[in-house]
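> dropping a prediction and its sequence here:
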Amino acid sequence: MASTQGQVIVCKAAVAWEAKKPLTIEDVEVAPPQQGEVRVKISYTALCHTDAYTLDGLDPEGLFPCILGHEAAGIVESVGEGVTEVQPGDHVIPCYQAECRECKFCKSGKTNLCGKVRPATGVGVMLNDLKSRFTVKGQPIYHFMGTSTFSQFTVVHAVSVAKVSPEAPLEKICLLGCGIPTGLGAVWNTAKVEPNSTVAIFGLGTVGLAVAEGAKAAGASRIIGIDIDDNKASLGEKFGVTEFINPKHHQKPIQEVIVGLTDGGVDYSFECIGNVDIMRSALECCHKGWGTSVIVGVAAAGKEISTRPFQLVTGRVWKGTAFGGFKSRTQVPQLVDKYLKKEIKVDEYITHNLPLSEINNAFDLMHHGRSLRAVIHMW
Ligand SMILES: NC(=O)C1=CN([C@@H]2O[C@H](COP(=O)(O)OP(=O)(O)OC[C@H]3O[C@@H](n4cnc5c(N)ncnc54)[C@H](OP(=O)(O)O)[C@@H]3O)[C@@H](O)[C@H]2O)C=CC1
Ligand SMILES: N[C@@H](CCC(=O)N[C@@H](CSC=O)C(=O)NCC(=O)O)C(=O)O
Ligand SMILES: [Zn+2]
Ligand SMILES: [Zn+2]
């Protein structure tokens, strides 16, 4: 096939022109990668709740028109000047959480957050010239989360791309771009759940189920899943949930129910919904003296959390996690290898496979609670 290196590529992408409106499939011009950038042919992308949250106009950083998508896998088409980390033909997973290994954050040893490209990705552009690489009929279209994987080709920063084993099926490992690592890492890296701990998980979507999987692997003795959909009871069991509670079937606040069932509260809780009232419940269902609650869900613009400070004075700990605390470029390839060795689930989270032309149906499935992950086949 003729090389496209250095040329503008015209391809199909799902464009979000404005909040709360369906995406439309457009012919998008994708400029060549500049210094420190990589152009990736996206093979498969999944939808994460965060894409829906931004499309619904709930993200304070949301900019329109944009190309959403951040949970994907593909193959490097070309690289810009100075890029040595990857080369054309490499199999990669774009990583919305970068890892430059040079900035204050990367060198701190205390966080997986990276400061290198975040100021640019937060405003929908590339760091090199603070411009977008996408246009539709000459009109610039914003990037999203530094990934924009709802396009057949995308341009990402080299620090935001993980090279992975070519043995791994791209249509499965696209899920390792966000939801599964977030849940596993929330348990293993952020909370550091110990064997025999008790765990409560609020929201049994992909992220919550991955928390259950991680908690089971960590040796938790009780894993309580809480969801408003009774169908999540049997589904949760497959991922490690040992007890299921539907708050709709209880009169008392859910934290009181959990405290009553666990001799004073759980050792660890995880909020995997993005609802600030549930974040409070998740904190308050933790055991006095040591219980730790991890906020995973992303709350809408303007929302704030609250509790009585006494909850913290008496030893409960409130934390949050981004991408499960995983260092993306270093650890995503390790997660892919774990999948290949059957040490973590991935296939089990895929409930739907759809062509790009049906991407709006994938959003509908998510909104109606009928899917875990829908994988979009880009070609
Ligand atoms: N911090 C991070 O790095 C990341 C955060 N996220 C965030 O994590 C959250 C979960 O993502 P994802 O798993 O993709 O989302 P899903 O929508 O698949 O899962 C959320 C689950 O919570 C359930 N739910 C909704 N309201 C309640 C409630 N009041 N009580 C109990 N359960 C409830 C939903 O049920 P139903 O479907 O019936 O509504 C659904 O099963 C989102 O906020 C997402 O933005 C995602 C990835 C990374
Ligand atoms: N843009 C929002 C916050 C969105 C957010 O919290 N994103 C998560 C990842 S969600 C993935 O599906 C995250 O890791 N944030 C850290 C980051 O550096 O973006 C807002 O402004 O509130
Ligand atoms: Zn996500
Ligand atoms: Zn960095």
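Done, it's in. Ligands and ions are numbered 1, 2, ... in the order given.

> check contacts around the residue most central in space within the chain.
Nearest to the geometric centre of the chain sits Cys178, at 3.0 Å (C-alpha atoms, centre = their mean). Residues in contact with Cys178, defined by C-beta atoms under 8 Å, 6 or more residues apart in numbering, are 46, 48, 50, 70-71, 96, 323. Glycine gets a C-beta too; all of them are placed from N, C-alpha and C.

> point out where the protein drops to low pLDDT.
1 (pLDDT under 70).

> tell me which parts of it are close to ligand 3?
Residues of the chain found near ligand 3 (C-beta under 5 Å from the ion) are 48, 50, 178.

> can you tell me the element the second one falls in?
This means Thr50. Per DSSP states H and E: Thr50 is located in helix 49-55.

> got the buried residues for that helix?
49-51, 53-55 (16 or more other C-beta atoms under 10 Å).

> so how far is ligand 4 from Val161?
To ligand 4, Val161 is 14 Å away according to C-beta to the ion, to the nearest Å.

> quick check: that residue touching Val83?
No - contact criterion C-beta atoms under 8 Å: Val161 and Val83 do not qualify, at 9.2 Å.

> give me the common contacts of these two.
Joint contacts of Val161 and Val83 (C-beta under 8 Å, 6+ apart) are Val38.

> show me which of the two is the more surrounded one.
The neighbour count for Val161 versus Val83, taken as other C-beta atoms under 10 Å, is higher for Val161 (29 against 20).

> give me the beta-bridge partners of that one?
Pro94 (DSSP bridges).

> any idea which residue of this protein lies closest to ligand 1?
Closest approach between the chain and ligand 1, counting by C-beta to the nearest ligand atom: Gly205, at 1.9 Å.

> ok, now which ones touch that residue?
So Gly205 contacts 49, 179, 272-273, 372 (C-beta under 8 Å, 6+ apart).

> for Ser151, see how far away Cys11 is.
Distance, Cys11 to Ser151, by C-beta to C-beta, to the nearest Å: 7 Å.

> run through the residues that contact the nearest residue to Thr206 once chain neighbours are set aside.
Excluding the flanking residues, the one nearest Thr206 by C-beta to C-beta, 6 or more residues apart in numbering is Gly179, at 4.1 Å. Residues in contact with Gly179 (C-beta under 8 Å, 6+ apart) are 46, 48, 71, 205-207, 210, 349, 373.

> as JSON lines, these with secondary structure would be great.
Listed next are the contacts of Gly179 as JSON lines, based on DSSP: H, G, I helix; E, B strand; the rest coil:
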{"residue": "Ala46", "secondary structure": "strand"}
{"residue": "Cys48", "secondary structure": "coil"}
{"residue": "Glu71", "secondary structure": "strand"}
{"residue": "Gly205", "secondary structure": "coil"}
{"residue": "Thr206", "secondary structure": "helix"}
{"residue": "Val207", "secondary structure": "helix"}
{"residue": "Ala210", "secondary structure": "helix"}
{"residue": "Tyr349", "secondary structure": "helix"}
{"residue": "Arg373", "secondary structure": "strand"}
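
> bridging residues for Leu354?
With DSSP bridges as the rule, Leu354 is bridged to Ile376.

> what about the helix holding Thr50, distance to the chain center?
Helix 49-55 has its C-alpha centroid displaced from the chain centroid by 11 Å (C-alpha atoms, centre = their mean, to the nearest Å).

> returning to that earlier point: farthest-apart pair in the contacts of Gly205, please.
Ile273 and Leu372 (14.4 Å; C-beta to C-beta).

> which of these two has more neighbours?
In terms of neighbours (other C-beta under 10 Å), Ile273 is the more surrounded of Ile273 and Leu372; the figures are 26 against 22.

> grab the nearest non-local neighbour of the more buried one.
Gly203 (3.7 Å).

> Lys216: neighbour count?
Using other C-beta under 10 Å: Lys216 sits among 17 other residues.

> OK, contacts around it?
223, 239-240.

> in helices only, show me those.
Phe239 (DSSP state H).

> export the contacts of Lys216 to a markdown table and tack on distance to ligand 2 and neighbour count?
Formatted as a markdown table, the contacts of Lys216 follow (distance: C-beta to the nearest ligand atom, whole Å; neighbours: other C-beta atoms under 10 Å):
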| residue | distance to ligand 2 | neighbour count |
| --- | --- | --- |
| Ile223 | 23 | 28 |
| Phe239 | 19 | 25 |
| Gly240 | 22 | 22 |
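
> now distance to Asp277 too, for the contacts of Lys216, in a markdown table please.
Listed next are the contacts of Lys216 as a markdown table, based on distance: C-beta to C-beta, whole Å:
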| residue | distance to Asp277 |
| --- | --- |
| Ile223 | 22 |
| Phe239 | 25 |
| Gly240 | 26 |
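
> so what are the domain limits for the chain?
9-177+346-377, 183-321 (automatic domain parsing).

> right, is the longest one up against ligand 1?
Yes - residues of domain 9-177+346-377 contacting ligand 1 under C-beta under 6 Å from any ligand atom: 48-50, 53, 369.

> state which one residue of the stretch 51-200 of the chain is found closest to ligand 2.
The minimum distance from the stretch 51-200 of the chain to ligand 2, using C-beta to the nearest ligand atom, falls at Glu61 (3.8 Å).

> burial of the residue nearest to Ile273, as a residue count?
Per other C-beta under 10 Å, the neighbour tally for Gly203 reads 26.

> for Pro88, same thing?
For Pro88, using other C-beta under 10 Å, the count is 15.
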